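Q: Here is a sequence together with a model predicted from it:
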Amino acid sequence: MRRRLPMALFGLVVWVLAGCSTATGAAPATPGANQADVTFSQQMVPHHQQSIQVANLASDRSASEFVKATAAKIVKAESAEVRTMTGWLQSWNAAVLPAAGHAGHAMPGMITEGQVASLQNLSGAEFDKVWLPLMAEHLRNGVAMAKTVLSSGEHAETKALAQEIVENQTAAIDEITAQLP
């Protein structure tokens, strides 16, 4: 009997410690989700936050109604998606990465700090001339990220959101591309 108690306590400690591993960013404990799902949301949240930041510049700086309308659609859609993915990350006990500090890093699809600064110093037709191809490229990178989780993720809701991102951002890229000279 005395040997069973220490073994039972040891087993309990191992079980508790194993349960804590998700707080460090390991695969979520939620059924049907894997590390690819976590990584997607951790990368897409700052990617979307940067899209929103750059899109918000258009309301004051753009001369084009098309650019302003496209930017407004991006802000609306991606703000909702950020809230959704942040909720998933929190439920998975995974870190939510901030947008600040990622510009220019090796993270896929981020606009450099220099490019953002350049946009902040432009207005009118010059702003639009830089904004359109920059946003199209940023959205292309988001589509690539979404396609990756479609092939490697397991979380049904993540995959559904990724499919929406592929469809909506591909349509936006096509519209933007049609506006390029």
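A: Arrived safely.
Q: so where's this protein shaky on pLDDT?
A: Confidence mapping of the chain against pLDDT under 70 gives the ranges 1-31, 99-106, 108.
Q: Can you show me the helices along it?
A: Assignment of helices within the chain using DSSP state H yields the ranges 4-19, 35-61, 65-91, 113-120, 124-152, 156-179.
Q: Now do the buried residues in the shortest one.
A: For helix 113-120, burial by neighbour count (16 or more other C-beta atoms under 10 Å) applies to 115-116, 118-119. From N, CA and C alone the C-beta is placed, and that goes for glycine too.
Q: just the third one next, same as before
A: For helix 65-91, the neighbour count (16+ other C-beta under 10 Å) marks 67-68, 70-71, 74-75, 77-78, 81-82, 85, 88-89 as buried.
Q: Give me the packing partners of it, helices and strands only.
A: If contacts are counted by 3 or more C-beta pairs under 8 Å, 6 or more residues apart in numbering; DSSP states H and E, helix 65-91 sits against helix 35-61, helix 124-152, helix 156-179.
Q: Would you tell me which of those helices gets closest to residue 97?
A: The closest approach between residue 97 and any of the helices and strands packed on helix 65-91, judged by C-beta to C-beta, belongs to helix 35-61 at 5.2 Å.
Q: buried sites along the closest one?
A: The neighbour-count check on helix 35-61 (16+ other C-beta under 10 Å) flags 36-55, 57-58, 61 as buried.
Q: could you give the angle of that helix to helix 156-179?
A: Between the axis of helix 35-61 and that of helix 156-179 there is an angle of 40 degrees, by axes from the mean of the first three to the mean of the last three C-alpha atoms, to 10 degrees.
Q: surely residue 53 meets residue 116?
A: Yes - under the contact definition of C-beta atoms under 8 Å, residue 53 touches residue 116, with a separation of 7.1 Å.
Q: quick one on the thing from earlier: wait, which of the helices of the chain is closest to residue 98?
A: Going through these one by one, with C-beta to C-beta as the measure, helix 35-61 comes closest at 6.5 Å.
Q: Return the list of helices and strands in contact with that closest one.
A: Packing contacts for helix 35-61, counted by 3+ C-beta pairs under 8 Å, 6+ apart, involve helix 65-91, helix 113-120, helix 124-152, helix 156-179.
Q: For those, give me TSV that also has distance to residue 107.
A: Output for the helices and strands packed on helix 35-61, formatted as TSV (distance: least, C-beta to C-beta, whole Å):
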stretch	distance to residue 107
helix 65-91	15
helix 113-120	13
helix 124-152	10
helix 156-179	16
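Q: With residue 32 as the reference, name the closest of the ones you listed.
A: The closest of the helices and strands packed on helix 35-61 to residue 32 is helix 156-179. By C-beta to C-beta, the value is 6.0 Å.
Q: List the contacts of the closest one.
A: Contacts made with helix 156-179 from outside it, assessed by C-beta atoms under 8 Å, 6 or more residues apart in numbering, are listed as 32-33, 37, 40-41, 44, 64, 66-67, 70, 73-74, 77, 81, 84-85, 88, 132-133, 135-136, 139-140, 142-143, 146-147, 149-150, 153.
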